[in-house]
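Participant: Give me coordinates for this.
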Amino acid sequence: DDLGDIDFSQEIHRKEICGVALMLGYLGFDGFTSTFQDKLFKGYQMETYNQMLYVNLCSACVSLFGLITSGTLFPAIEFVSKYPTCLFDMTALSLCAMLGQLIILYTIKEFGALLFATVMTTRQFLSILFSCFLFAHPLSAVQWGATFIIFGALYAEAFGKSSEKESTKPETESLVDKDAELGSNLSELKGQRLESETK
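Facilitator: The predicted structure follows:
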């Protein structure tokens, strides 16, 4: 019995480590994806549809490789042929995923990765709130504190960057006005010079 309890506790500990590692990997890759997409939009002037095409092609290749190596490709085809009505659900899920990708890429392209992260984090925060109140999944005081710290830091960074952009707008506008004034003055001087030469 004692050996069984030890093995059971060790198995739980291994699962906890795997769960934490998977969560950290998800957070790392999720943060990298939107930032790198923003870099592609700004650095290479890529279109939304180009990114969708290449990302989905890579995803299809990875999925096909996983099905082949795990030996589940033919069972999957057999399942679809046996239950053809599931194609309707697959098509509906694919359309929803396509619309979601369009909205995500448009948000990143037009507003940047930081605002997209803010939107997605707000969605997750609302999901947590609905889960707590509707399905009676309470959070401890430490979990509530960590949630507010994360959201507070994220929103502070977002509002800080937006205020920096607003403060730089008047400077750029004044520089544009000065360039316009210099251009008009130069054109007037050239006109006066031509008039004096003709006289």
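
Participant: At the geometric centre of this protein, which residue sits there?
Facilitator: S34 (3.7 Å; CA atoms, centre = their mean).

Participant: for the one helix or strand that residue maps to, packing partners?
Facilitator: Assigned by DSSP states H and E, S34 falls within helix 2-44. Packing partners of helix 2-44 (3 or more CB pairs under 8 Å, 6 or more residues apart in numbering; DSSP states H and E): helix 86-111, helix 113-134. Just so you know, the C-beta spots here come from the backbone N, C-alpha and C atoms, and that holds for glycine as well.

Participant: State the next helix or strand along the chain beyond it.
Facilitator: helix 48-70.

Participant: now the angle between helix 86-111 and that next one, please.
Facilitator: 140 degrees (axes from the mean of the first three to the mean of the last three CA atoms, to 10 degrees).

Participant: quick one: average pLDDT of helix 48-70?
Facilitator: If you average the pLDDT over helix 48-70, you get 90.

Participant: Would you pull up how far it lies from the middle of the chain?
Facilitator: 18 Å (CA atoms, centre = their mean, to the nearest Å).

Participant: Give me the angle between it and helix 2-44.
Facilitator: Using the same axes, to 10 degrees: helix 48-70 against helix 2-44 is 150 degrees.

Participant: After helix 48-70, which helix or strand is next?
Facilitator: Next along from helix 48-70, by DSSP H and E: helix 73-82.

Participant: Return the residues in contact with the residue nearest to the centre of the chain.
Facilitator: S34 makes contacts with 104, 108, 113, 116-117, as judged by CB atoms under 8 Å, 6 or more residues apart in numbering.

Participant: So which of the residues you listed is the closest to I12?
Facilitator: A117 (32.7 Å; CB to CB).

Participant: Find the nearest non-adjacent residue to the closest one, please.
Facilitator: Closest residue in space to A117, ignoring its immediate chain neighbours: S34 at 6.2 Å, by CB to CB, 6 or more residues apart in numbering.

Participant: roughly how far apart are that neighbour and V142?
Facilitator: 28 Å (CB to CB, to the nearest Å).

Participant: From F36, how far out is G43?
Facilitator: 10 Å.

Participant: I meant to write C58 there.
Facilitator: 13 Å.

Participant: mind showing which ranges of the chain have poor pLDDT?
Facilitator: 1-8, 158, 161-199 (pLDDT under 70).
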